[in-house]
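**Q** Sequence and predicted structure, then a few things I'm wondering about:
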Amino acid sequence: MKPVCVLGNGQLGRMLRQAGEPLGIAVFPVGLDAEPEAVPYQQSVITAEIERWPETPLTKELALHNAFINRDIFPRLADRFPQKSLFDSLGLATAPWASLDAKAQWPELFATLGDFLIVKRRTGGYDGRGQWRVSPGNEANLPDEIYGNCIVEQGIPFDAEVSVIGARNRAGECVFYPITHNLHQEGILRTSVAFPNANHSQQQQAQAMLSAVMNELDYVGVMAMECFVVGDKLLINELAPRVHNSGHWTQNGASISQFELHLRAILDLPMPSPTVFNPSVMVNLIGTELNQQWLSLPLVHLHWYEKDVRPVRKVGHLNLTHSCPTELADSLNSLVELLPNEYKSGIDWAKEKLNWYYSQ
C-alpha cells in the first residue's frame, strides 16, 4: 500500500497517522519547512491538513507532484471569495455577501445587506480571528488594511449551527456521517453532539449541497461543510477541504473515523458508509492543562495533542459515547467537576441536545 505524506504536522496530521497504523498505511505528517530530501514524497500519495501554506522548498516541490490529491482545489477553497462564488454558481444557499474593496462601499452595503454585517478576511482567520462585527457607525473602526482583502456577509440570526462530514472517492462515490450539532463560543468550537439518526430534512439538504460541491470540484477525500440552521433551511457558512474538528467524535462514535475514511478515499480503498450506533459528545480542550482524572470516567476517551498549553489553543479533545442516556448524562455531570468552570455551559448545552433527542 502506498505511503501517505501529510502537508502539515499538527494534530490533524497526527490523527491521520494514528488512523493509518491499524491498516498498515504509513502516514508521514511533515512540517512546511522540512527539507524535501528528508520527506519520502516521491512514491507517496500527498494530502494536507491545512488549506493554505507559505512557499517553502518543500511546498514548491510538492506543487509539482502529480499525486498531490486536491492540489489545485486547496487555494480555491482557502480564499473565501472564490469559495462563496462557488456556492453562488451552484445555486447553494449561503448568507448574502459582497467583496469589501473600499470604504466608499459602506452606505450601499448597509442598504443591501442590512445593519448587522460580518467582515471576514478572504484568507486565514479561523476560530474567530480575522473577523469583525459591523453595524452603522462603527465601520470607521476597521483597520485600513482590510480593504481589498475581505468579504462582508449579512449577519444571520440563525437558530443553530451544524456541520456535515462527507467523503468522495475517485469513482465519484460519496458517503456521509450524520449531521453534527455544534456550539461555538467566541468563534471557537467548544462542543459537538452527533446522533445515529439525524433530522431527515436537514441531512438530505446537507448531503445534496456537499455532494454538489465535491462533484463540481472532482474532490477526493473528506470534506466538512459548516451550516447555519434558519427555520427548516440550511445556509452554508464555509467549507474545509480536509478532516475537521467537528468530526472528531467519529474516532469513538462511528465504525470508521473521519481520519480512516479520508485515507480510504485517497488510496482507492473500499469506502462503505460508516455506521453510527449511539449518540456521541465531543468536548474541545482549549488552553486547559492535562488532568489524568478525566481517565477515571469509563466513558471518556482522551485525545491529547502533546502541544504546549496556551490560552485559546486547542490542546486535545474528549469523546464520550453510549447507548444509555442515563450513563451518558451521568458521565457528563462527573466530567464537569473535572474541568474549569468555562466548560459547564458547553456540557449543559450537550445535555440539552441529548434530552431533546431521547424525547423524540
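**A** Looks like it came in fine.
**Q** Residue 149 reaches residue 119, doesn't it?
**A** No - assessed by C-beta atoms under 8 Å, residue 149 is found out of contact with residue 119, at 10.0 Å. From N, CA and C alone the C-beta is placed, and that goes for glycine too.
**Q** Could you tell me what pLDDT the model assigned to the residue lying closest to residue 277 once chain neighbours are set aside?
**A** Closest residue to residue 277 in three dimensions, ignoring its sequence neighbours and counting by C-beta to C-beta, 6 or more residues apart in numbering: residue 196, at 6.2 Å. As predicted, residue 196 sits at a pLDDT of 96.
**Q** and residue 196, what does it touch?
**A** With contacts taken as C-beta atoms under 8 Å, 6 or more residues apart in numbering, residue 196 has the following neighbours: 178, 276-279.
**Q** Same list, the residues you listed, but as JSON lines with secondary structure, neighbour count and pLDDT please.
**A** Converted to JSON lines, the contacts of residue 196 look like this (DSSP: H, G, I helix; E, B strand; the rest coil; neighbours: other C-beta atoms under 10 Å; pLDDT from 0 to 100):
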{"residue": "178", "secondary structure": "coil", "neighbour count": "24", "pLDDT": "98"}
{"residue": "276", "secondary structure": "coil", "neighbour count": "21", "pLDDT": "97"}
{"residue": "277", "secondary structure": "coil", "neighbour count": "12", "pLDDT": "93"}
{"residue": "278", "secondary structure": "coil", "neighbour count": "17", "pLDDT": "96"}
{"residue": "279", "secondary structure": "coil", "neighbour count": "25", "pLDDT": "97"}
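**Q** Number of residues surrounding the residue nearest to residue 256 when sequence neighbours are not counted?
**A** Ranked by C-beta to C-beta, 6+ apart and with sequence neighbours excluded, the top spatial neighbour of residue 256 is residue 274, at 4.2 Å. Counted with other C-beta atoms under 10 Å, the neighbours of residue 274 add up to 20.
**Q** Isn't residue 274 up against residue 166?
**A** No - the criterion here is C-beta under 8 Å, and residue 274 misses it with residue 166 at 10.5 Å.
**Q** First-to-last residue distance for stretch 282-295?
**A** From the first residue to the last, stretch 282-295 extends over 15 Å; the measure is C-alpha to C-alpha, to the nearest Å.
**Q** For that stretch, report the contacting residues that lie outside it.
**A** Among residues not part of stretch 282-295, those counted as contacts by C-beta under 8 Å, 6+ apart are 188-193, 245-246, 248-249, 300, 302, 304, 309-320, 335, 338-340, 343, 346-347, 350.
**Q** Tell me the buried residues in that stretch?
**A** Going by neighbour count (16 or more other C-beta atoms under 10 Å), the buried part of stretch 282-295 is 282-286, 288, 294.
**Q** Same check on stretch 193-213?
**A** Along stretch 193-213, the positions that meet the burial threshold by neighbour count (16+ other C-beta under 10 Å) are 193-195, 198-199, 202-203, 205-207, 209-210, 213.
**Q** Going by distance to residue 143, which of those residues wins?
**A** Minimum distance to residue 143 across the buried residues of stretch 193-213 is 31.8 Å, recorded for residue 213 (C-beta to C-beta).
**Q** just how off-centre is the helix or strand in which the closest one is found within its chain?
**A** With elements taken from DSSP states H and E, the one containing residue 213 is helix 200-217. Computed by C-alpha atoms, centre = their mean, to the nearest Å, the separation of helix 200-217 from the middle of its chain amounts to 16 Å.
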